[in-house]
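Peer 1: Sequence and predicted structure are below.
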Amino acid sequence: MDKHNGFMKALKCRECGREYPLTANHVCEFDFGPLEVAYDYDRIKKSLTRAAILSRPRNMWRYHELLPVAGEPTVGFAVGYTPLVKADRLARKLGIRELWIKNDTVNYPTLSFKDRVVSVALSRARELGFTTVACASTGNLANSVAANAAASGLKAYVFIPSDLEQGKIVNSLVYGANVIGIKGHYDEVNRLCAEIAGKFGWAFVNVNMRPYYAEGSKSMGFEIIEQLDWRIPRHTVVCMASGSLLTKIHKSYQEFTKLGLVPETNFKIHGAQATGCSPISTAQKAGLDFFKPVKPNTIAKSLAIGTPADGFYALRVMKETGGVAEDVTDDEIREGIKLLAECEGIFAETAGGVTVGVAKKLIASGKIPANDSAVLCITGNGLKTVDAVAGCVGRPREIKPSLREFETLLAAENLSAVNA
Amino acid sequence: MANRIRIPNPLREFTNDNEFVEVNAPDIGMAITELLTRFPEVKKHLVNETGELRRFVNVYVNKEDIRFLQNQQTPLKDGDEIVIIPALIHQSSAVAAIAVADSLRISRGSNRN
């Protein structure tokens, strides 16, 4: 036990269990497996009680013992503790007894769940002495790295596919980050970043800092449990890009159980993908424990990872918990976005449309039973991907600034409504 | 049946710094066995205790991941290139493999013409 490392013990290979020092490193040199942070749960159990959590500020750091920074966090004090919304109208529409929306469309500061992982990665990067941070991103991560780096005085390089939505590009540039558009899809961006990370001494949040970064996602699961009054939901639907978020939601439920913060209970975690990029859901439906890489073609660009780094572990989580995967077409994604907006007043980006669309299918098929309860993890804000739905939400009716014109318009519409 | 195996960077220290190793084998399993016989230090990194390829080691024959062919029984024809890639070091392993395979196919095609 090393006090200097907080509640962390080591980096540990998920495959062979070999331990490594807590540096910027993500691959086991023996069998090339991914490294993960190992914690001292005995010490955490003494420190992290319900009472302790409830006494702390309402942000993701109220669970800091289970987040991999050695000292006090220095980036992202206001991140997390987003609303868990009881979605009664959407529940009726989808035909389920109880439905909740974990609403990370309003996460601070860049309106996606990525602020959770970035605040951990950047806090840890500072502890390790880095002054430049970087990432390979489908957009949301780039926004978050750019913003949080700006706020903490770090230099940032963000690498994105050059054909991303304009909203996501501007949302990185505005913070003064170095934004590099790569003429290729995300998997090619990622490959380039692996090479850059090997050559430059930067903290790449989702390459060499990945063991720390990924743990930030657990805070979404901790919050769900706390906001459900210390209960693990029976069903959780999570969208999958790399598959990392799904595995970390699972880990969060396991850790709170292990620490005695919630009683042991059965839960299922379901994965959602876009049909145009569905390597994990295709494998799950075929009963495989490995996936076939694909070239993405979907409007859900934030989920467009054809070679998902955590695909294997996501498949394992679904198998272990009895969850399933499903995927939806671009039209179903748009319909999902509209359903969530019209029923609950929440405007999600395309990934949210994927999650809602998949939940609809799983409820309709009985894989999530109608008399049960489910949480949908909604990860990003629709204002970043307005183009995706601009063509299917209608247009404003234009009139002159005249009461008579408005009354005429209303009468015509009422008449057509009656006739219809 | 001459084929060559592309060795990933982290393992080249065990293959005398060679990027490519030439093998003569009828299928992937035999090709890997030949590689491991000639360079035994590679073995513990590439396969587990039961002789199966490690989970985060991907092997491609030309364009295709061998798990979608016949795994270690995948037959080889003359000139097929085998690519070994640790999945997390180059997460876009398939893309890399496809690029290699495409370039091979183009060069082979032009040779035939």
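Peer 2: Arrived safely, thanks for sending.

Peer 1: A:D229 and chain B, how far apart?
Peer 2: 39 Å (C-beta to the nearest C-beta, to the nearest Å). For every residue, glycine as well, the C-beta is placed using N, CA and C.

Peer 1: what about that residue, which helix or strand?
Peer 2: Assigned by DSSP states H and E, A:D229 belongs to neither a helix nor a strand.

Peer 1: what's the burial count for it?
Peer 2: 6 (other C-beta atoms under 10 Å in any protein chain shown).

Peer 1: Ok, A:A70 next?
Peer 2: A:A70: 16 neighbours (other C-beta under 10 Å).

Peer 1: Now for it: which residues touch it?
Peer 2: A:A70 makes contacts with A:H4, A:N5, A:G6, A:M8, A:L22, A:R124, A:E127, as judged by C-beta atoms under 8 Å, 6 or more residues apart in numbering or on different chains.

Peer 1: ditto for A:I224
Peer 2: Contacts of A:I224 (C-beta under 8 Å, 6+ apart): A:L84, A:W100, A:K102, A:P233, A:T236, A:I249, A:S252, A:V375, A:C377.

Peer 1: biggest separation within those residues, which pair?
Peer 2: A:W100 and A:S252 (15.4 Å; C-beta to C-beta).

Peer 1: hmm, back to that, please list only the buried members of the contacts of A:A70.
Peer 2: A:N5, A:G6, A:M8, A:L22, A:R124, A:E127 (16 or more other C-beta atoms under 10 Å in any protein chain shown).

Peer 1: In strands, which of these fall?
Peer 2: Taking DSSP state E as the definition of strands, those contribute A:M8.

Peer 1: Let me have the buried ones among the contacts of A:A70 in TSV, adding pLDDT as columns.
Peer 2: As requested, these are exported to TSV (pLDDT from 0 to 100):
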residue	pLDDT
A:N5	94
A:G6	95
A:M8	98
A:L22	98
A:R124	98
A:E127	97
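
Peer 1: which residues in chain B form strands?
Peer 2: Using DSSP E, strands in chain B cover B:2-6, B:20-24, B:57-61, B:64-65, B:81-86.

Peer 1: which stretch in the ones you listed has the least confidence?
Peer 2: Among the strands of chain B, strand B:64-65 carries the lowest mean pLDDT, at a mean of 82.

Peer 1: what residues are up against A:G380?
Peer 2: A:D104, A:T105, A:L111, A:S112, A:F113, A:K114, A:N140, A:S302, A:A348, A:E349, A:A351, A:G352.

Peer 1: Return the residues of chain A in contact with chain B.
Peer 2: Applying C-beta under 8 Å from any C-beta of the partner chain, we find that chain A lies next to chain B at A:15, A:26-27, A:29-34, A:187-188, A:190-191, A:194, A:290, A:292-293, A:306-307, A:309, A:312.

Peer 1: Show the buried residues in the residues you listed.
Peer 2: Here, 16+ other C-beta under 10 Å leaves A:15, A:26-27, A:31-34, A:187-188, A:190-191, A:194, A:292-293, A:306-307, A:309, A:312 buried among the residues of chain A next to chain B.

Peer 1: Cross these against helices and list the overlap.
Peer 2: A:D187, A:E188, A:N190, A:R191, A:A194, A:F312 (DSSP state H).

Peer 1: Make TSV out of these and add distance to A:V358.
Peer 2: Converted to TSV, these look like this (distance: C-beta to C-beta, whole Å):
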residue	distance to A:V358
A:D187	23
A:E188	27
A:N190	24
A:R191	28
A:A194	30
A:F312	20
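
Peer 1: Which members of those residues define the maximum pairwise distance?
Peer 2: Farthest pair in those, by C-beta to C-beta: A:E188 and A:F312, 21.3 Å.

Peer 1: Please name the nearest non-neighbouring residue to A:A70.
Peer 2: A:G6 (4.1 Å; C-beta to C-beta, 6 or more residues apart in numbering or on different chains).

Peer 1: Double-check the one you found against A:P73; I have them as touching.
Peer 2: No. Contact criterion C-beta atoms under 8 Å: A:G6 and A:P73 do not qualify, at 10.5 Å.

Peer 1: which stretches of the stretch 251-400 of chain A form strands?
Peer 2: With DSSP state E, counting those that start in this stretch, the ranges of strands along the stretch 251-400 of chain A come out as A:268-274, A:325-328, A:373-378.

Peer 1: so which of these is the most packed in?
Peer 2: Most buried of the strands of the stretch 251-400 of chain A by mean neighbour count (mean count of other C-beta atoms under 10 Å in any protein chain shown) is strand A:268-274; its value is a mean of 28.

Peer 1: That strand packs against which elements?
Peer 2: Counting contacts by 3 or more C-beta pairs under 8 Å, 6 or more residues apart in numbering or on different chains; DSSP states H and E, strand A:268-274 is packed against strand A:235-239, helix A:244-258, helix A:279-285, helix A:311-321, strand A:325-328, helix A:350-364.
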